[in-house]
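Participant: got a predicted model here, sequence first, then my questions.
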Amino acid sequence: MAEAVKETLLTAEGLKKLEDELNYFKSVRRIEVAKRIKVAIEYGDISENSEYDDAKNEQAFIEGHILELENKINTAKIIDEKTRKNVVSVGSTVKLHDETYGDDLEYTIVGSSEADPFNNRISNESPVGGAIIGKKKGDKVEVNTPDGTVVFTVLDIK
């Protein structure tokens, strides 16, 4: 039985970044490592040539990364950021009030491949992201985090 293909949820901006990265790896990095391999082969015996081994390992990493990027792009589902403004969904920017610590926080909910917690972009699969999906302004939600249970109130959805 064929396994279901997992969609990669992306914003249009996220898809563009992946396409740019794929282009860079195919047109620049792949050529750089091919040149390194050619130079290493010119040194002679490749059986004990660390330059050759390093270049071949880097080539394997680059080819694997290219395949990963192509898979994400091929399975991409673009999030329509203009729909469902009144309900938290992937693509929403949400202002939350942390009832436990008294802080106001703002997160953009993105697919897991675009998550960047240091820039307030959290995955829909994260504890907070998953808990607030489908919530409306004014809703309270309890989230189990590594630091314990935290209660949030949805203040605004953009």
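Facilitator: Right, received. Where do you want to start?
Participant: elements contacting the helix or strand where residue 95 lies?
Facilitator: Applying DSSP states H and E as the criterion places residue 95 in strand 93-98. When contacts are defined as 3 or more CB pairs under 8 Å, 6 or more residues apart in numbering; DSSP states H and E, strand 93-98 sits against strand 104-110, helix 127-132, strand 148-157. (C-beta placed from N, C-alpha, C; glycine too.)
Participant: TSV for those, including distance to residue 78 and mean neighbour count?
Facilitator: Below are the helices and strands packed on strand 93-98 laid out as TSV (distance: least, CB to CB, whole Å; neighbours: other CB atoms under 10 Å):
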stretch	distance to residue 78	mean neighbour count
strand 104-110	12	18
helix 127-132	18	20
strand 148-157	19	15
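Participant: picking that back up, buried stuff in the strand holding residue 95?
Facilitator: Taking 16 or more other CB atoms under 10 Å as the basis for neighbour counts, the residues of strand 93-98 that come out buried are 94, 96, 97.
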